[in-house]
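S.K.: just need the structure, nothing else, for what follows:
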Amino acid sequence: MYNTFSILFFLQKNRVTPDGKAPIYVRITVNGKRAQTTIKRKVLVEKWDSSKGIVLGSSPESKAINKYIDDVRYKLNKIQERFLDANKPFTAIAIKNRYTGKDNITKMLLVIFQAHNDEVDSLIGKDFAPGTAERYRTTKKHVQEYIQKEYKVEDIPVKHVDHKFITGLEYYLKTTRKTSHNTAIKYITNFKKIIRIAYANDWITKDPFFHWKAKLKTIDREFLSKEELQTIIDKEFKIQRLQLVKDIFIFSCFTGLAYIDVKQLSKNDIVIGIDGEFWIKTKRAKTHTRSNIPVLPIPSDIIETYKEHPQVINTEKLLPILSNQKMNSYLKTIADSCEINKNLTDHLARHTFATTVTLTNGVPIESVSKMLGHKSLKTTQHYAKILDRKVSADMNALKSILSNQELQAKEANK
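M.R.: Numbers count the residues shown, from 1 in each chain. Now for the predicted structure:
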């Protein structure tokens, strides 16, 4: 249905105050039917330009009221646009009620958060990875604890979330919860999605995150050196589970796959590539992007080692994998046994693949990015630390090229 829509500002002259001021009203007209409300501002009658719907003059007061009128007009236009975008029928009264807040049912912050988390949980394995769902659950827990500590209540209306609430939450995470700066920012970024949902549904009239900017600090990501990696490879453990965890960790170091991706690998993920060699072709659980990885000799040997393992024989799994908790516990033991003072994790394995195994050996960053399953090179650059010796080798190659060019130029000028 086609809707006509107009906005008019006027004075309610039958309500002039003793000092000669009249309240300013706004009239909304949709398809010839009207609704009006005060904008809670007054002006001297003689200062009002009824033809333009503005205050005359250039005094600070006149400018302030005119700016406020422009803001009201903008808000009303946005309300009408949202009705149109949602393909919802609307009337002048509906727009007025939306503007004044009379049609708003109070939405509680943690209720919205829980509804979002329930939706994410129902889509695990489809649109979301288990880790993503867990991060949202943890974020809600922190927000809930912050509300209880700071506001002494179990929940608050989402419309009460403002810039002060956001900065207070950040401070709470860093002090009471003692999270690092980057971890606090990531939690707040997760929380930001909940507020954006409220804003998109018109449960709040403005975005409290408008003036908040996420600023992550650059951190040096740990990875294993060539010597440290070789030490772990050479280490043999008599305890079968330790040896298994070591092998799975090394498998990740030479494939760049995270724990969940290795756990989900099936025999069908090993295919013959265009070069006639074995490749791993799978989708990352976290991002659902493709990872295409040629199988190097070391991971190939690990696959061969466990092909007769009961867990591999009885399922379609490519490798037998312990729980993440047990893996992390055993990795600490492995690090101690190898006298490596680094926290061995699947993330460190991915960093090792990006740096020590690939980039350091001259594999282009574009290829590394594709194997890691990243959507952009920028993400790969966060993982991949190009070592000084690689930079040195590249510059020496450049020196050689420039020297040859100089010699050729000299020969040409003789």
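S.K.: end to end, how far does stretch 315-326 reach?
M.R.: Chord length of stretch 315-326, first to last residue, is 21 Å (C-alpha to C-alpha, to the nearest Å).
S.K.: which residues sit against the helix or strand hosting Ala94?
M.R.: Per DSSP states H and E: Ala94 is located in helix 92-100. For helix 92-100, contacts defined as C-beta atoms under 8 Å, 6 or more residues apart in numbering pick out 28-30, 33-37, 72, 75-76, 79-80, 83, 102-104, 202. Using the backbone N, CA and C atoms, a C-beta is placed for each residue, glycine as well.
S.K.: which among these count as buried?
M.R.: 28-30, 35, 72, 76, 79-80, 83, 202 (16 or more other C-beta atoms under 10 Å).
S.K.: just the ones in helices from the residues you listed, please.
M.R.: 72, 76, 79-80, 83 (DSSP state H).
S.K.: which of these sits closest to Lys263?
M.R.: Phe83 (47.4 Å; C-beta to C-beta).
S.K.: just the buried positions in the helix holding Ala94, please.
M.R.: By 16+ other C-beta under 10 Å, the buried positions in helix 92-100 come out as 92, 94-99.
S.K.: average pLDDT for it?
M.R.: Here helix 92-100 scores 89 as its mean pLDDT.
S.K.: distance from the chain centre to that helix, please.
M.R.: 34 Å (C-alpha atoms, centre = their mean, to the nearest Å).
S.K.: kindly report the same for stretch 284-302.
M.R.: 24 Å.
S.K.: go on, stretch 367-382?
M.R.: Distance of stretch 367-382 from the chain centroid (C-alpha atoms, centre = their mean) equals 16 Å.
S.K.: hmm, who's touching that stretch?
M.R.: 221, 255-256, 283-284, 287, 289-293, 350, 353-354, 358-359, 365-366, 383-384.
S.K.: can you rerun that using 7 Å?
M.R.: With contact meaning C-beta atoms under 7 Å, 6 or more residues apart in numbering, stretch 367-382 is reached by 256, 284, 287, 289-293, 350, 354, 358-359, 365-366, 383-384.
S.K.: this structure - how does it break down into domains?
M.R.: 5-100, 109-200, 226-352, 386-414 (automatic domain parsing).
S.K.: could I get those domains as a markdown table with distance to Lys215?
M.R.: As requested, those are arranged in a markdown table below (distance: least, C-beta to C-beta, whole Å):
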| stretch | distance to Lys215 |
| --- | --- |
| domain 5-100 | 29 |
| domain 109-200 | 7 |
| domain 226-352 | 22 |
| domain 386-414 | 24 |
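S.K.: so Val26 sits in a strand?
M.R.: Yes: secondary structure assignment places Val26 in a strand (DSSP: H, G, I helix; E, B strand; the rest coil).
S.K.: right, and it touches Ile7 too?
M.R.: Yes: between Val26 and Ile7 there is a contact under C-beta atoms under 7 Å: 6.3 Å.
S.K.: re the thing from before, closest to Phe251 among the buried residues of helix 92-100?
M.R.: Using C-beta to C-beta, Arg98 comes nearest to Phe251 of the buried residues of helix 92-100, at 56.8 Å.
S.K.: now the closest one: how far from Arg34?
M.R.: Distance of Arg98 to Arg34, given as C-beta to C-beta, to the nearest Å: 16 Å.
S.K.: tell me how many other residues surround the closest residue to Arg221 other than its chain neighbours.
M.R.: Setting aside the residues directly before and after it, Arg221 is nearest to His351 in space (C-beta to C-beta, 6 or more residues apart in numbering), at 5.0 Å. Around His351 there are 21 other residues, counting by other C-beta atoms under 10 Å.
S.K.: helix or strand for His351, just tell me which one.
M.R.: Taking DSSP H and E as the definition, His351 sits inside helix 346-352.
S.K.: send me that helix as PDB with only the CA atoms.
M.R.: Output in PDB follows, covering the C-alpha atoms of helix 346-352 (Å, rounded to 0.1, in the frame of the first residue of the first chain):
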ATOM      1  CA  ASP A 346      46.600 -25.900  19.000                       C
ATOM      2  CA  HIS A 347      47.000 -22.100  18.400                       C
ATOM      3  CA  LEU A 348      50.700 -22.300  18.900                       C
ATOM      4  CA  ALA A 349      50.800 -25.200  16.500                       C
ATOM      5  CA  ARG A 350      49.000 -23.100  13.900                       C
ATOM      6  CA  HIS A 351      51.500 -20.200  14.500                       C
ATOM      7  CA  THR A 352      54.300 -22.700  14.100                       C
END
